[in-house]
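Novice: Provide a 3D model corresponding to the input given below.
(2 chains)
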2 protein chains.
Amino acid sequence: MRVALLGFGSVGRGVARMLSEKDLPLTLTALADSKGGIIDPEGISIPEAFSRKEKSGSCGRPKVSALDIVESDAYDVLVEVTPTNVDTGEPALTHIRKALGLGRHVVTSNKGPIALAHRELTELAARQGVALRYEATVCGAIPIIHTLQHGLLGNTVAALFGVMNGTCNYILTRMEDEGLTYDQALGEAQEMGYAEKDPTYDVKGLDAALKLVILANTVWGMDAKLRDVQVTGIDRITPEAIRLAVDAETAIRLIGEAVPSRDLLRVSPRILPRNHPLLVEGTLNAVTVVTDMAGELTFIGKGAGSIETASAVIGDLLSIREMYAGRP
Amino acid sequence: MRVALLGFGSVGRGVARMLSEKDLPLTLTALADSKGGIIDPEGISIPEAFSRKEKSGSCGRPKVSALDIVESDAYDVLVEVTPTNVDTGEPALTHIRKALGLGRHVVTSNKGPIALAHRELTELAARQGVALRYEATVCGAIPIIHTLQHGLLGNTVAALFGVMNGTCNYILTRMEDEGLTYDQALGEAQEMGYAEKDPTYDVKGLDAALKLVILANTVWGMDAKLRDVQVTGIDRITPEAIRLAVDAETAIRLIGEAVPSRDLLRVSPRILPRNHPLLVEGTLNAVTVVTDMAGELTFIGKGAGSIETASAVIGDLLSIREMYAGRP
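Specialist: Numbering: from 1, shown residues only, chains lettered A, B, ... in the order given. Here you go, the predicted structure:
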């Protein structure tokens, strides 16, 4: 299967590294970042792309753009891992629309286009008879979307709950374990590389809300948007609140909840009993799904990281190959 | 897809109930228990089968045997949920061999044949170009086999660990929470229906060991048998040991471990720190897989129950339909 990879940041480099190191039935035939691209039907040398990136600042050449690649015949599956824009979804949204329009499969880690245009894109993919996969948009390495779409066939999902942002979970865990203030724990998270310099997107709950929207739209075919989620972040949680929770053998976590029967889409700090499966530590993510047959199932794993996110992208690629290349 | 169901105990009845209550693209065309069977190409009336079972002791008629059904043309997929025999695998092993030999798909909850003859049966299925699925043999409603085979494609699994027996977990949790002795907690588990009258198979670790063998053979293509597992049960754990663990902010659980690089297949009571994801309560099961890309992932859910196990069987049926009936 011929793969075109757009984006050479943390996720793109992770995917490229795995394609280069692992013996997979996938050939990288096109590659671009924002400054340039390269097409090679014989397969791109990934070590050379890394060294070009280091020397020239781009993994490709300035004459070839991401859009040139999307419109080319050089690939079977587009892997869209350019930076997320949550307001417009661009440029990823255009890339994905065009690739699906040309009858190519798409795999993305890009929350923007999936949260903004899930219905339009899934309908387009269905009309074209191709796959649109986006496991990497939600909870990093946890194969939650695959499980909801293929692992629990026959089940009806009544609700889902989750710790969907590792940055917030790290901050809350550190406040709890060490008695730190919010600002101290945030500073530590920034030093460790778990929080951005401007942490708004994470600590205000927006990242978790986007993931909740993607999951809800996926599971229930809803057309929810970010504005439909009631969002409260963690930035006003005091050490006193944390201590009270601990004294009561509970803990505070930022929980995303989707319960369609109650029209509920909410991200907010919640109190969990100490032995609750969602009560994970550090940067972990966890999702509980409530189903009619399988009961409650909880999935725990790393919510971020270059190779962990690449795992989700590569899982999607191989799953498309398995489903579309005939019988397993 | 036409389904033949062999076995009308707890799992079989759960599957039949779900086929009857849910609007699924599956038609039950044959059904048998140990006393009789019935074939109807138009689809069997499931309420009538339940009432026959109640009145006559069999869901079918004495003239039709399970073997007659296996050898008939009445089905596309055999669902084998007769009682498990861990020594011979019979009669399930014969049923499964014959159905695969006739080019039919097989779904089973039956640990005996899968633990005894995994390699033979998977090779036979592959030669015949059909599916052999056995999600329901391991950890009830948790779709762990689907996840290992399809949800984490591209990953290499280095090790797996799990709480694989709900009876033992219930007993240990009750000893821990209430300071009960082993005998008291076992008695309670028997009263609640979580433990058999003869609890040997569960409390000596044999059930967990069988599941470990099935998982190891599935993930690594091993040909391990029950005798290859070092097994220690929970029946000698004292209240003092439990109390010491609790005092050290830890807890004791019966853990199955498979680490092929260390040639290790072991089921034994282990001490886990209080915040460990595998430290689940009551009859829950949990499995952690250690992978090269996705890192550590933990899956938690109900390990037993009629509908929970039916969930795994129906998931397998619909997954076969998805994979073999062409594109999703």
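Novice: what about the strands in chain A?
Specialist: A:2-6, A:27-33, A:36-39, A:77-80, A:105-108, A:132-133, A:157-163, A:230-231, A:250-259, A:264-273, A:284-291, A:296-302 (DSSP state E).
Novice: output the third one as PDB, restricted to C-alpha atoms.
Specialist: The C-alpha atoms that make up strand A:36-39 are tabulated as PDB, following Å, rounded to 0.1, in the frame of the first residue of the first chain:
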ATOM      1  CA  GLY A  36       8.400  21.400   0.700                       C
ATOM      2  CA  GLY A  37       7.700  17.900  -0.500                       C
ATOM      3  CA  ILE A  38       9.000  14.900  -2.300                       C
ATOM      4  CA  ILE A  39       7.400  12.200  -4.400                       C
END
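Novice: give the other helices and strands that that strand contacts.
Specialist: Identification of packing neighbours for strand A:36-39 by 3 or more C-beta pairs under 8 Å, 6 or more residues apart in numbering or on different chains; DSSP states H and E yields strand A:27-33, helix A:66-70. (Each C-beta comes from the backbone N, C-alpha and C, glycine too.)
Novice: give me the mean pLDDT for it.
Specialist: Taken as a whole, strand A:36-39 has a mean pLDDT of 98.
Novice: which other residues reach that strand?
Specialist: Residues outside strand A:36-39 that contact it (C-beta atoms under 8 Å, 6 or more residues apart in numbering or on different chains): A:29-32, A:44, A:49, A:56, A:58-66, A:68-69, A:72, A:74.
Novice: try it again at 7 Å.
Specialist: Applying C-beta atoms under 7 Å, 6 or more residues apart in numbering or on different chains, the contact partners of strand A:36-39 are A:29-31, A:44, A:58, A:60-62, A:64-66, A:68-69, A:72, A:74.
Novice: skip the chain neighbours and tell me the closest residue to A:S261.
Specialist: A:A158 (6.9 Å; C-beta to C-beta, 6 or more residues apart in numbering or on different chains).
Novice: can you give me the distance of that neighbour to chain B?
Specialist: 14 Å (C-beta to the nearest C-beta, to the nearest Å).
Novice: one step back: select only the buried ones of the contacts of strand A:36-39 in PyMOL?
Specialist: Only the buried entries of the contacts of strand A:36-39 go into this PyMOL selection, using 16 or more other C-beta atoms under 10 Å in any protein chain shown:
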select buried, chain A and resi 29+30+31+44+58+60+64+65+66+69+72+74
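Novice: for the residue nearest to A:S261, which residues are in contact?
Specialist: Counting by C-beta under 7 Å, 6+ apart, A:A158 has contacts A:261, A:290-292.
Novice: make it 10 Å
Specialist: A:219, A:258-261, A:289-292, A:296 (C-beta atoms under 10 Å, 6 or more residues apart in numbering or on different chains).
Novice: just the buried subset of those, please.
Specialist: Using 16+ other C-beta under 10 Å, the buried ones in the contacts of A:A158 are A:219, A:258, A:260, A:289-291, A:296.
Novice: for the stretch 201-328 of chain A, what are the low-confidence residue spans?
Specialist: Applying pLDDT under 70 to the stretch 201-328 of chain A flags the ranges A:326-328.
Novice: can you rerun that using 50?
Specialist: A:327-328 (pLDDT under 50).
Novice: returning to what we had before: what's the most distant pair in the contacts of strand A:36-39?
Specialist: Distance extremes for those: the farthest pair is A:T29 and A:P62 at 19.4 Å, using C-beta to C-beta.
Novice: close enough to count as contact, A:T167 and A:Y194?
Specialist: Yes: under the criterion of C-beta atoms under 10 Å, A:T167 makes contact with A:Y194 at 5.4 Å.
Novice: okay, these two: which has more neighbours?
Specialist: Each of A:T167 and A:Y194 has its neighbours counted (other C-beta atoms under 10 Å in any protein chain shown); A:T167 has more, 25 against 21.
Novice: partner residues bridging the closest residue in space to A:N169 that isn't next to it in sequence?
Specialist: Spatial nearest neighbour of A:N169, excluding adjacent residues (C-beta to C-beta, 6+ apart): A:V163 at 5.4 Å. Using DSSP bridges, the beta-bridge partners of A:V163 come out as A:A286.
Novice: next up, the contacts around A:V163.
Specialist: A:139, A:169, A:172, A:208, A:253-256, A:270, A:272, A:278-281, A:284-288, A:300, A:303.
Novice: could I have the buried ones of the residues you listed as PyMOL selection syntax?
Specialist: Remark: buried members of the contacts of A:V163, expressed as a PyMOL selection using 16+ other C-beta under 10 Å:
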select buried, chain A and resi 139+169+172+208+253+254+255+256+270+272+278+279+280+281+284+285+286+287+288+300+303
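Novice: so how far is A:I38 from A:L6?
Specialist: For A:L6, the distance to A:I38 (C-beta to C-beta, to the nearest Å) stands at 12 Å.
Novice: please say which of the two ends up with more neighbours.
Specialist: Ranked by neighbour count (other C-beta under 10 Å), A:L6 and A:I38 place A:L6 first, with 28 against 22.
Novice: right, and the more buried one touches A:S72 too?
Specialist: No: when contacts are counted by C-beta under 10 Å, A:L6 is not listed as touching A:S72 (11.8 Å).
Novice: overlap in contacts of those two?
Specialist: Common neighbours of A:L6 and A:S72 (C-beta under 10 Å, 6+ apart) are A:30, A:37.
Novice: tell me how far A:P199 lies from chain B.
Specialist: A:P199 is 24 Å from chain B, by C-beta to the nearest C-beta.
Novice: and that residue, what is it in contact with?
Specialist: Here A:P199 is in contact with A:167-168, A:171, A:186, A:189-190, A:233-235 (C-beta under 10 Å, 6+ apart).
Novice: same question for A:A286.
Specialist: A:139, A:142, A:144, A:161-164, A:169, A:253, A:255, A:276-280, A:298-301, A:303, B:277, B:298, B:300.
Novice: all helices of chain A, in order?
Specialist: Using DSSP state H, the helices of chain A run over A:10-21, A:46-56, A:66-70, A:92-101, A:111-128, A:144-146, A:166-178, A:182-191, A:200-203, A:206-220, A:239-247, A:306-324.
Novice: for the last one, packing partners?
Specialist: Applying 3 or more C-beta pairs under 10 Å, 6 or more residues apart in numbering or on different chains; DSSP states H and E, we find helix A:306-324 packed against strand A:2-6, helix A:10-21, strand A:77-80, strand A:105-108, strand A:132-133, helix A:144-146, strand A:296-302, helix B:306-324.
Novice: which of those sits most buried?
Specialist: Comparing these by mean neighbour count (mean count of other C-beta atoms under 10 Å in any protein chain shown), strand A:105-108 ranks first with a mean of 28.
Novice: I'm done for today, thanks for sticking with me.
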